[in-house]
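A.B. asks: One predicted model, sequence on top.
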Amino acid sequence: AQSVTQLDSQVPVFEEAPVELRCNYSSSVSVYLFWYVQYPNQGLQLLLKYLSGSTLVKGINGFEAEFNKSQTSFHLRKPSVHISDTAEYFCAVSDKAGNQFYFGTGTSLTVIP
Amino acid sequence: EAQVTQNPRYLITVTGKKLTVTCSQNMNHEYMSWYRQDPGLGLRQIYYSMNVEVTDKGDVPEGYKVSRKEKRNFPLILESPSPNQTSLYFCASRPGTSGLYEQYFGPGTRLTVT
């Protein structure tokens, strides 16, 4: 089985500052990794995913994430945040068969003007 | 428009009264799944379906049933709801059975059981 730990439940950051949202996972098999964003009163939207290859993955809205196999981490970063980035962010993992998904508990990002 | 729809969006019910939350997708996706979202717990998978008539348990299946008689529909059934099933429920679908493919989520159903 897999599991996901998001180390920060809430992250406040000033507008135009950089941000990093941390995610660690555990698994005995190779996995796929995902970051999803949830805006207030909406469903989840995929930000980016790591399947294989380059460990630096670029996603939508200027976000990127780096897969670190030795540290079993998949941290999400953005160099300069906007007010519109205020949302809940979820890290998720699945095995390569993709039958089951495991989500982290979420990180609430609040961008302060 | 390609989408996953859920009905109802909001539901308040009483303990023990059977209910069904419908989920439908118009993208001809093979894989569909149900999740519940609770504060501090994130999303947890309830059931998933790889194709018509093929379903399996996720992490938290107790108290729920599903069926997949048609490719586009994947209803979630609560035979005897209890207050601990008060939650925000999401249905999702994706085009293939591999984890390579992105999941598309519905807008959510907020269920309150009193």
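C.D. replies: Sure thing, it's come through.
A.B. asks: gap between stretch A:50-61 and the chain center?
C.D. replies: 11 Å (C-alpha atoms, centre = their mean, to the nearest Å).
A.B. asks: Then stretch B:76-95?
C.D. replies: On C-alpha atoms, centre = their mean, the centre of stretch B:76-95 falls 5 Å from that of its chain.
A.B. asks: buried residues in that stretch?
C.D. replies: Using 16 or more other C-beta atoms under 10 Å in any protein chain shown as the test for burial, stretch B:76-95 gives B:76, B:78, B:81, B:85-87, B:89-95. Just so you know, the C-beta spots here come from the backbone N, C-alpha and C atoms, and that holds for glycine as well.
A.B. asks: same deal with stretch A:23-32?
C.D. replies: A:C23, A:N24, A:Y25, A:S27, A:V31, A:Y32.
A.B. asks: Adding pLDDT, secondary structure and distance to A:T107 as columns, could you present those residues in a markdown table?
C.D. replies: Converted to a markdown table, these look like this (pLDDT from 0 to 100; DSSP: H, G, I helix; E, B strand; the rest coil; distance: C-beta to C-beta, whole Å):
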| residue | pLDDT | secondary structure | distance to A:T107 |
| --- | --- | --- | --- |
| A:C23 | 97 | strand | 8 |
| A:N24 | 96 | strand | 12 |
| A:Y25 | 94 | strand | 14 |
| A:S27 | 84 | coil | 20 |
| A:V31 | 86 | strand | 19 |
| A:Y32 | 91 | strand | 20 |
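A.B. asks: still on that earlier bit, between the buried residues of stretch B:76-95, which sits nearest B:R44?
C.D. replies: Ranked by distance to B:R44 (C-beta to C-beta), these are led by B:S87 at 9.2 Å.
A.B. asks: Next step: the buried residues of stretch B:76-95 restricted to strands.
C.D. replies: B:L76, B:L78, B:S87, B:Y89, B:F90, B:C91, B:A92, B:S93, B:R94 (DSSP state E).
A.B. asks: Tell me the bridge partners for the first one.
C.D. replies: What it means is B:L76. Here B:L76 sits in beta bridges with B:V21, B:V66, as judged by DSSP bridges.
A.B. asks: does it really touch B:L11, like I thought?
C.D. replies: No - in this structure B:L76 lies outside contact range of B:L11 using C-beta atoms under 8 Å: 11.4 Å.
A.B. asks: Grab the most central residue of chain A for me.
C.D. replies: A:W35 (3.5 Å; C-alpha atoms, centre = their mean).
A.B. asks: sorry, back to before: out of the buried residues of stretch A:23-32, who's near chain B?
C.D. replies: A:Y32 (C-beta under 8 Å from any C-beta of the partner chain).
A.B. asks: Run through the residues of chain B sitting next to chain A.
C.D. replies: Residues of chain B lying near chain A (C-beta under 8 Å from any C-beta): B:4, B:31, B:33, B:35, B:40-45, B:48, B:50, B:56, B:58-59, B:90, B:92, B:94, B:96-103, B:105-108.
A.B. asks: Are any of those buried, and if so which?
C.D. replies: By 16+ other C-beta under 10 Å, the residues of chain B next to chain A give B:4, B:31, B:33, B:35, B:42-45, B:48, B:50, B:58-59, B:90, B:92, B:94, B:98-99, B:101, B:103, B:105-106, B:108 as buried.
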